[in-house]
Structures are given as C-alpha cells and as structure tokens.
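Q: return a 3D structure for these sequence lines:
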Amino acid sequence: MSSDENEQLRKGLDAMQKRDFELALETFKQIVAVNPSFLEAYYCIGNAYEEMGKFDEALESYSTVLTYSPREPAVFYNLACTHRKKGENAKAITEYNKAIELNPKYGKAYYNRGMVLLLSGEVEKAAADFDTAIKEMPQDPDPLVARGLIRIIEEQPEKALADYDAAIKLNPDHYKAHGNRGNVMEMQDKLDEAIAEFTTVIRIAPNDFKGYMNRGYIYFRKKEYERSLADYTRAIELNPQFAKTYCCRGSVYAELRHQQKALDDFNESIRLSPKSPDLYIKRGQAKSAMGDRIGALEDFMEATKMAPANQTALLNRALTRTQLGSNDDAISDYTELIRLSSGNAQAYRLRGTLLARIGSIDEAMKDFNKSIELDPNNENSYFNRGLIYRIQGLLPQAIQDFTKSIELAPNHAQAYKNRAFTYGIVGNKEKGMADMEMYEKLNAE
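A: Purely as a prediction, here's the structure:
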C-alpha cells in the first residue's frame, strides 16, 4: 500500500467517523480505481453502504473481495451480517457457516450466528454458538449477555445473573448487561435492585429510551406513579414513535384518574400501531372509566375482531355488554371464555350472576359450584351461591355460604346484610340484628 493510498484510506475512515458516508464512498472508490486489488477498500465501501442502508450495494462490494481472495473468512462474515440486516436469516446463516468452516475459531461468527438462531427460535443451537463464542472471545462481554438471554428462556435466572455479572466484570459500562440484569431482578420481584440497574443503564446510555421505559415500569409496579410518569414522558421525548410507551404512560394516567390524558395517549399509541388488540383494550377501558360504554364496546369489539381468542378482550366486552344490559350477548362471551379456558373461575362466576339475573337459577347454581371448585377462596362466589340457596329456600346452606364469604372478606357488607335477612327468616333475630349493625357500620365507612 502506497503512502497516497494510506492517506486516502485515513481520509475515508475519518469521513466515516463523521458520518459523511458520501465523502467516504467517494474516497474509497478513488482508491480501488487506482488499485483494484486493494481489498481493505472494498470492505470500507461495503461498510459505508451498510451505514446508508444500501445493503445490496454492500453485498456487491464484499463479494468483489472474493474475486481476489475466495477463501477469506471475513468476506463471508460481512456478507452474513448484511443479509442479517436485510432480514434474510437463512442466507445469513449460510454465510456464517462458510466463515466458520474456513476459520473454526471465528468467535464473532459464532456469536452472530447464535443471535440469528435465537431470533429464529432455535434456542439449543444458539446456546451452543454462544458457548463457543465465549470460549473463543473470553474478553468479549457480548456472548455472555446473549447466553444470559438463553438462561432466562430456560428459566434459570441465577445462571443468567452469573453471565451478566461476568459481562459487567469485563465491561462495567455494558448497559445491555445492566438492563438484562434489571429484567431478572424485576422477574424476582427485587424491584429496588431493578431500579438501581435501570438507573445505571440511564447513566451509561442517557439517550436510550428503553432504560427510562423499564425503570418507569418498575415505578409503576411500586405504585410510584409520578416517577413512572416522568420516566415514560422522557422515553417519549427520546423516541416519540414507539407506540408502547404511550400505552404505558396512558396506564399511569389512568391510575392517577387523569382519564382524558390516558385516552389521548391510547389514541396516539393506536395511531402508531393500529393493529395491536392490546391497545384497543386499553383505550376501551379508558372510555369505560369516562362513562363512554358504547365507545368502549366498539374498542373491545375491534380487539376481538383482531384476536378472537384474546381473553382480556372477551372479558371486557362481556363486562361492558352487562353494563349496557345486553345480558344474552354477555353470557355468550363468558361461554366463549370458558370454552377457551375451562379453568376460568371468574367466567363461571360472572356467567352465573347473569344466569341468575335472567331467571336460569339451576344453571346459575352449576356455574357458582364450578367457580368455587376452581377457586375456593373467592368470597363473591360463595355470596352469589348463598343468594341462590335462599331463593331455593335452602336457608341453612345460604347462611353457611354468607358466613364463608365473610370469613374470606370480613368487610363484605352485602354478605352481612343478606345473612341478617336470612337469619330473620329462620327466626334468629339476635344474630340478624348483630349482622345488620355490622352492615350499617361497614356501609357508613
């Protein structure tokens, strides 16, 4: 390489660093025009095209190297990385395979092939690649961070933490290792430790909106809503095109009873991501809280249209139909919920309530019995079954169920009231009066 070529290369690399990719391309192309066998320039041309998002041109430049050096592992590695950026995972794996075949100790090729395999759902193969990458690149933290993700998938959080700790030891400012470590802390309900990790992420990468999003979620879990709101707002400032952040902030506004602001955020999230059923569910809930039940039903209907088996959408649709007096439609929704999940105690209980309302007492009793079988600690199931027993004239059983409801929820005012009424029917005025006093006290509170 001549001194002129060396100077040109330096000039091009300086332009790359300044993100002046047009100048960089012009400079690198001048080099190969004079010296067509200057392979490093072709790599640089490919890198510049990649930065510009011109992946086909990058592939062409890398492929040119093969005419001069057909067994160069780095060429296949660069081809693979470009195919990966294009979303052509099968082609990427083929090229990574060639790079590894030519250089069995090519750690970066193993790591990047592992990432493609992980995204493709081939977890075991990905884990094997990360193991090899760690062996071949013992000072690189990235394969450790990637293997930590495998550990989480395998439900081995302690092993995941060991990998993240090892990565942080190699690079204390590896923000992805800290972020993933924070995710494990959150999974283990170690919320303060999770906040500490995400705060570290924000310190290292203050323009990474996900750090604020993750910390905002932990604050939300801790019911520190003002802090959560501040973090989500900062995340939106950093990336105003990410729909989920608006949805998350909308949920905070909903908890703070700022329903219009919540609705505004859900509207924006749907504008950015109009095909997400979860966003319509959130907006429907906000509309319902504002008393717009028709609008809420429209959103829940849209969500079930997109995802017919979405149980949250079905439940909300059923609840809204109940509020609107469409009992038969609501019963149909609960029946569909039960079909989708036969262990859904809530669906049996709510369907039983509606069946009782329309006079289907025997069917209602079956639903309450099933609800109690599935969830023997729900006070409302016993309370509702107690009402059915009383309608059927089975007063001792009714008293027993009201008593059970009170045991599970000592502040269940309606259970005291109905047990008092039932005591009155059987002639136990003393217990009836005691229950009414308790009802009036709870009701006043």
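Q: quickly note the distance from Leu340 to Lys222.
A: 33 Å (Cβ to Cβ, to the nearest Å). C-beta coordinates here come from the backbone N, C-alpha and C atoms, glycine included.
Q: hmm, I was thinking of Glu50
A: Distance, Glu50 to Lys222, using Cβ to Cβ: 42 Å.
Q: these two: who's more crowded?
A: For Glu50 versus Lys222, neighbours defined as other Cβ atoms under 10 Å are more numerous around Glu50 (20 against 14).
Q: secondary structure element holding the residue nearest to the more buried one when sequence neighbours are not counted?
A: In space, Glu50 comes closest to Ala58 once its chain neighbours are excluded; the distance is 4.6 Å by Cβ to Cβ, 6 or more residues apart in numbering. Using DSSP states H and E, Ala58 sits in helix 55-68.
Q: the closest residue to Leu39 other than its chain neighbours: neighbouring residues, count only.
A: Distances taken as Cβ to Cβ, 6+ apart place Val65 nearest to Leu39, at 5.2 Å, with adjacent residues excluded. Neighbourhood size, Val65 [other Cβ under 10 Å]: 22.
Q: what residues are up against Val65?
A: Contact partners of Val65, counting by Cβ atoms under 8 Å, 6 or more residues apart in numbering, are 39, 42-43, 72, 75.
Q: go with 10 Å
A: Neighbour list for Val65: 37, 39-43, 46, 72, 74-76, 78-79 [criterion: Cβ atoms under 10 Å, 6 or more residues apart in numbering].
Q: then Thr199?
A: Residues in contact with Thr199 (Cβ under 10 Å, 6+ apart) are 178, 182, 211, 215.
Q: now do 6 Å
A: Not one residue lies near Thr199 by Cβ atoms under 6 Å, 6 or more residues apart in numbering.
Q: likewise for Met365?
A: The contact partners of Met365, taken as Cβ under 6 Å, 6+ apart, are Ile388.
Q: please give the element, helix or strand, for it.
A: helix 361-374.
Q: one step back: roughly how far apart are the residue nearest to Glu50 and Arg84?
A: Distance of Ala58 to Arg84, computed by Cβ to Cβ: 12 Å.
Q: okay, the two: which has more neighbours?
A: A direct count of neighbours by other Cβ under 10 Å for Ala58 and Arg84 places Ala58 higher, at 26 against 21.
Q: wait, that one sits on Glu51?
A: No. In this structure Ala58 lies outside contact range of Glu51 using Cβ atoms under 6 Å: 9.0 Å.
Q: joint contacts of those two?
A: By Cβ under 6 Å, 6+ apart, no residue touches both Ala58 and Glu51.
Q: and for Arg257, the neighbour number?
A: Here the count is done by other Cβ under 10 Å, and Arg257 has 9 residues near it.
Q: hmm, I typed the wrong one, I wanted Leu354.
A: Applying other Cβ under 10 Å, we find 21 residues neighbouring Leu354.
Q: what's the helix or strand hosting it in contact with?
A: Applying DSSP H and E as the criterion places Leu354 in helix 345-357. Helix 345-357 has contacts (Cβ under 6 Å, 6+ apart) with 327, 330-331, 334, 337-338, 363-364, 367-368, 370-371, 374-375, 381, 384.
Q: most neighbours among the residues you listed, which one is it?
A: Ser381 (29 neighbours).
Q: what sits against it?
A: With contacts defined as Cβ under 6 Å, 6+ apart, Ser381 is in contact with 349, 368, 371-372.
Q: who touches the closest residue to it other than its chain neighbours in this structure?
A: With sequence-adjacent residues excluded and distances taken as Cβ to Cβ, 6+ apart, Ser381 is closest to Ser371, at 4.3 Å. Listed by Cβ under 6 Å, 6+ apart, the contact partners of Ser371 are 345, 348-349, 381.
Q: could you report the pLDDT at Ser371?
A: What the model reports as pLDDT for Ser371 is 97.
Q: next: Asn443.
A: Note on Asn443: pLDDT of 89.
Q: which of the helices or strands spans it?
A: Assessed by DSSP H and E, Asn443 sits inside helix 429-444.
Q: tell me how far the nearest residue to Asn35 once chain neighbours are set aside lies from Arg181.
A: Spatially, and ignoring its direct neighbours in sequence, Asn35 is nearest to Glu5 (6.2 Å; Cβ to Cβ, 6+ apart). Between Glu5 and Arg181 the distance, using Cβ to Cβ, works out to 46 Å.
Q: who's more crowded, those two?
A: Each of Glu5 and Arg181 has its neighbours counted (other Cβ under 10 Å); Arg181 has more, 27 against 17.
Q: any chance of the contacts of Ser381 in TSV with distance to Asp14 as columns?
A: Formatted as TSV, these follow (distance: Cβ to Cβ, whole Å):
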residue	distance to Asp14
Arg349	70
Phe368	76
Ser371	71
Ile372	75
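Q: contacts only, for Ser228.
A: Residues near Ser228 by Cβ under 6 Å, 6+ apart: 216, 219-220, 252.
Q: which two in the residues you listed are spaced the farthest apart?
A: Using Cβ to Cβ, those reach their maximum pairwise distance at Tyr219 and Val252, which is 8.7 Å.
Q: which of those two has more neighbours?
A: Between Tyr219 and Val252, counting by other Cβ under 10 Å, Val252 is the more crowded of the two (26 against 22).
Q: show the model's pLDDT score for the more buried one.
A: 98.
Q: quick check: buried residues in stretch 162-170?
A: In terms of neighbour count (16 or more other Cβ atoms under 10 Å), stretch 162-170 has its buried residues at 163-164, 166-168.
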